[in-house]
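Undergrad: Give me a model of this one.
(one chain, ligands or ions: 1)
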Amino acid sequence: MSKTMDNQLQQEVDKRRTFAIISHPDAGKTTLTEKLLLFGGAIREAGTVKARKASKHATSDWMEIEKQRGISVTSSVMQFDYKGHRINILDTPGHQDFSEDTYRTLTAADSAVMLIDVAKGVEAQTIKLFQVCAKRGIPIFTFINKLDREGRSPFDLMEELEQVLGIRSVPMNWPIGTGRDLCGVYDRTLNQVELFQGDDHSTIQVQKVEDYNDPVIREMAGEFLHDQLCQDLELLDVAGDPFDMEKVQRGELTPVFFGSAINNFGVQTFLENFLKLAPKPEPRKSTAGLIEPTDEKFSGYIFKIQANMNPAHRDRIAFLRIVSGKFQRGMSVKHVRAGKEIKLSQPQQFLAQDRDIVQEAFPGDIIGLFDPGIFRIGDSLSQASEIVFDELPTFSPEIFAKVTVKNALKHKQYQKGIDQLTEEGTIQVFNTVSFDDTLLGVVGQLQFEVFEYRMKGEYGVDVQLQRMPYQFARWIIDDNIDPSKFRINSTLVKDKKGNYVVLFENEYAMRTAMEKNPTAKFLETAP
Ligand code: G4P
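TA: Got it, this is the predicted structure:
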């Protein structure tokens with residue numbers, strides 16, 4: 001490869017930031033995303049993303065469920081430019097009902113922004129998503145939102161981050177007053193205050209100061225709020241964690257930003273700081289060792305497959321995260337698992353609103369490939385020889401249902417549907433050892449609805465789902481499995497590959513089984 005080509009690749013890699021926003025529903029993810037897209041000029045008016053969230057836009061109305069429930073079932077990708085950076089935001093569904101897709105999407109991100117409601121603190125879904133990010137050790141940035149409302153004290157929230165998530169935090173800015181009294185934030189790195197002005201908190205005045213003791217702040221915010229600010233920041237200076245880039249990079253320390261997405265307050269400074277601190281596309285582990293983004297040979301892996309985005313064509317889209325090299329439309333690559341050369345001729349890029357045909361793309365970018373049924377989650381595509389990227393994690397199902405087909409004559413289509421949807425990663429399938437009943441396992445209730453809908457829509461099969469009381473699945477490794485030992489509040493099943501799995505109704509049943517079978521190993525996911 002020529003030197004100029006090398007340089008171009010290096011430059012493209014350096015300017016990219018690919019991240020996911022993780023949060024509990026209602027924390028303000030849609031609002032924040034929209035503000036970021038506005039800064040980047042990817043959308044022109046506020047309300048565009050909101051409208052999409054309300055599922056009025058054609059891009060996301062590929063599935064009736066979305067329309068009915070006004071949610072985005074599957075995660076998508078948004079790309080925009082800001083001050084010389086190219087930013088890819090991976091959208092994870094903000095709804096309670098999320099799925100394995102949500103988790104897997106996080107594997108395509110190089111960092112995460114954790115959005116927290118100042119009044120609610122760390123909530124259930126944030127915890128789950130955080131844990132997936134923490135397992136990968138990616139940097140996590142925290143944005144504490146809705147500062148214009150009465151909320152919890154910043155110290156209290158920092159304590160909660162540590163207690164509940166086990167992560168230390170370092171505030172990058174600090175609120176001056178809160179709720180109705182909020183008048184701005186003090187930026188600890190730039191030594192400046194950003195002030196709200198006017199009743200609607202719309203105008204922002206930025207003022208450089210000496211440090212937080214600067215009398216200018218006193219004039220602006222009043223004696224009371226300034227005293228409070230000085231007290232808080234002195235305490236932070238003495239007892240708080242210092243900023244440590246290496247700890248941030250390892251995901252051990254989270255930089256915290258306070259702001260209000262809806263008032264566009266603190267959002268731009270957050271974005272600018274984030275772009276400075278967040279990692280560019282990282283190398284990925286593979287069978288051929290670490291693959292560097294600047295490796296001239298193109299490679300990537302599929303982390304998600306989405307069916308029927310366009311009901312008229314019944315196409316599937318495979319989402320590919322580029323790991324190395326330059327992607328060019330029409331290029332030939334090796335589909336490693338299938339052992340075949342394929343041509344990537346109709347790739348798509350996911351912008352704020354429309355799907356465009358991509359001509360070229362670089363590491364960190366996500367492209368959508370039309371999938372005539374040849375891809376599986378975790379597949380590697382590569383220009384070099386046989387690169388296989390580290391397997392994508394699977395997740396322990398937490399909700400279970402027994403599935404039966406209403407019309408026995410449809411059994412063949414039913415089996416085909418089950419096989420295909422399992423392969424896509426929509427559901428996990430188990431068969432009970434005692435009666436050979438078929439059980440489905442998922443991480444989010446919505447996956448059942450998607451399953452039912454697609455079995456009918458794509459395979460013409462009506463299924464009946466009966467919820468089962470199990471909450472935990474454990475893959476059992478033992479030389480002598482005795483089914484009689486797994487009867488009370490649990491059941492023994494086999495997964496698709498014939499591995500033994502026990503489903504438990506509660507934690508007590510699981511603990512008892514572990515005590516009674518001291519030689520067995522209980523794994524959360526398939527070995
Ligand atoms: P989500 O995607 O995380 O589910 O949250 P979304 O952005 O939809 O925000 C949830 C609600 O919180 C919305 O109100 C939104 O306007 C509000 N919100 C977002 N950021 C802020 C903020 O900084 N301050 C305050 N006070 N509110 C904020 P809603 O009433 O549910 O919707 P809408 O009627 O405003 O559209």
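
Undergrad: how far away is F395 from G368?
TA: 23 Å (CB to CB, to the nearest Å). Any C-beta I mention is one placed from the backbone N, CA and C, and that applies to glycine too.

Undergrad: Show me which of those two is the more surrounded one.
TA: Set side by side, F395 and G368 show more neighbours around G368, with 23 against 20, by other CB atoms under 10 Å.

Undergrad: Pairing partners for that one in the sheet, please.
TA: Going by DSSP bridges, G368 is paired in beta bridges with F319, Q348.

Undergrad: Test my guess that it contacts I317.
TA: Yes. Contact criterion CB atoms under 8 Å: G368 and I317 qualify, at 4.4 Å.

Undergrad: Common neighbours of these two, please.
TA: Counting by CB atoms under 8 Å, 6 or more residues apart in numbering, the common neighbours of G368 and I317 are Q348.

Undergrad: Next, count neighbours for the nearest residue to G259 once chain neighbours are set aside.
TA: Closest residue to G259 apart from its sequence neighbours, by CB to CB, 6 or more residues apart in numbering: G266 at 2.5 Å. Close neighbours of G266, defined as other CB under 10 Å, add up to 26.

Undergrad: before we move on, what about A109?
TA: A109 has 25 neighbours, counted by other CB under 10 Å.

Undergrad: got it, and W174?
TA: If we define neighbours as other CB under 10 Å, then W174 has 19 of them.

Undergrad: Return the set of residues that bridge with it.
TA: Counting by DSSP bridges, W174 forms beta bridges with Y186.

Undergrad: now do F430
TA: L439, D495.

Undergrad: can you pull the pLDDT of it?
TA: With respect to pLDDT, F430 scores 96.

Undergrad: dump the residue contacts of it.
TA: So F430 contacts T438, L439, L440, G441, A473, V493, K494, D495, V501, L503 (CB under 8 Å, 6+ apart).

Undergrad: Now do the second one, the pLDDT please.
TA: Per-residue pLDDT puts L439 at 96.

Undergrad: how near is it to the ligand?
TA: 32 Å (CB to the nearest ligand atom, to the nearest Å).

Undergrad: From what I see, F395 and T525 are in contact.
TA: Yes. Counting by CB under 8 Å, F395 touches T525, with 6.7 Å between them.

Undergrad: next one: stretch 400-416 to chain centre, how far?
TA: 32 Å (CA atoms, centre = their mean, to the nearest Å).

Undergrad: Give me the distance between the two termini of it.
TA: The first residue of stretch 400-416 is 20 Å away from its last residue (CA to CA, to the nearest Å).

Undergrad: quick one, what contacts G84?
TA: Taking CB under 8 Å, 6+ apart, one finds K15 in contact with G84.

Undergrad: how close does it sit to the ligand?
TA: Using CB to the nearest ligand atom, G84 is found at 27 Å from the ligand.

Undergrad: How about C183?
TA: Look at C183 and the ligand: by CB to the nearest ligand atom, they are 15 Å apart.

Undergrad: That residue touches F196, doesn't it?
TA: Yes. With contact defined as CB under 8 Å, C183 reaches F196; the gap is 5.6 Å.

Undergrad: out of these two, which sits in the more crowded spot?
TA: Just comparing C183 and F196: by other CB under 10 Å the higher neighbour count belongs to F196, 23 against 19.

Undergrad: who's the more buried one bridged to?
TA: Bridge pairing for F196 (DSSP bridges) gives the partners I204.

Undergrad: What separation do you get for it and P175?
TA: Per CB to CB, F196 is found 11 Å from P175.

Undergrad: Can you pull the residues that touch both of these two?
TA: Shared contacts of F196 and P175, counting by CB under 8 Å, 6+ apart, come down to L182, G184.

Undergrad: Sketch out the low-pLDDT regions of the stretch 151-300 of the chain for me.
TA: Along the stretch 151-300 of the chain, the model assigns pLDDT under 70 to residues 198-203.

Undergrad: Close to the ligand: what parts of it are there?
TA: S260, A261, I262, N263 (CB under 6 Å from any ligand atom).

Undergrad: any chance of the residues you listed in JSON lines, plus neighbour count and secondary structure?
TA: Formatted as JSON lines, those follow (neighbours: other CB atoms under 10 Å; DSSP: H, G, I helix; E, B strand; the rest coil):
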{"residue": "S260", "neighbour count": "24", "secondary structure": "strand"}
{"residue": "A261", "neighbour count": "25", "secondary structure": "coil"}
{"residue": "I262", "neighbour count": "18", "secondary structure": "coil"}
{"residue": "N263", "neighbour count": "19", "secondary structure": "coil"}
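
Undergrad: Mind picking the two most distant members of those residues?
TA: A261 and N263 (7.6 Å; CB to CB).

Undergrad: next one: the lengthiest helix in the chain to chain centre, how far?
TA: What stands out as the longest helix in the chain, according to DSSP state H, is helix 223-239. Distance of helix 223-239 from its chain centroid, counting by CA atoms, centre = their mean, is 35 Å.

Undergrad: That one: what's the following helix or strand?
TA: helix 245-249 (DSSP states H and E).

Undergrad: List phi and psi for G184.
TA: G184 adopts backbone torsions of phi 170, psi -170, taken as degrees, to the nearest 10.

Undergrad: quick one: contacts for it?
TA: The contact partners of G184, by CB under 8 Å, 6+ apart, come to P175, I176, G177, V193, E194, L195, F196, M220, A221.

Undergrad: Report the two of those separated the most.
TA: For those, the farthest-apart pair by CB to CB is P175 and M220; their separation is 14.0 Å.

Undergrad: related to what we said a few turns ago, give the buried residues for the longest helix of the chain.
TA: For helix 223-239, burial by neighbour count (16 or more other CB atoms under 10 Å) applies to L225, H226, Q228, L229, C230, D232, L233, L236.

Undergrad: Which one's more surrounded, P175 and M220?
TA: P175 (27 against 19).

Undergrad: give me the beta-bridge partners of the closest residue to the more buried one other than its chain neighbours?
TA: Nearest residue to P175, sequence neighbours excluded (CB to CB, 6+ apart): F258, at 4.9 Å. Beta bridges link F258 to I144 when assigned by DSSP bridges.

Undergrad: Just confirm F258 contacts P154, I think it does.
TA: Yes. At 6.8 Å, F258 and P154 qualify as touching, with contact defined as CB under 8 Å.

Undergrad: of those two, who's got more company?
TA: More crowded of F258 and P154, by other CB under 10 Å: F258, with 27 against 21.

Undergrad: Next, the contact list for the most centrally placed residue in the chain, please.
TA: Residue closest to the average C-alpha location in the chain (CA atoms, centre = their mean): L106, at 3.7 Å. By CB under 8 Å, 6+ apart, the contact list for L106 reads A20, I22, L90, T92, A112, L129, V132, C133, R136.

Undergrad: Roughly how far does it sit from the ligand?
TA: Counting by CB to the nearest ligand atom - L106 and the ligand are separated by 16 Å.

Undergrad: swap in K406?
TA: Counting by CB to the nearest ligand atom, the gap from K406 to the ligand is 36 Å.
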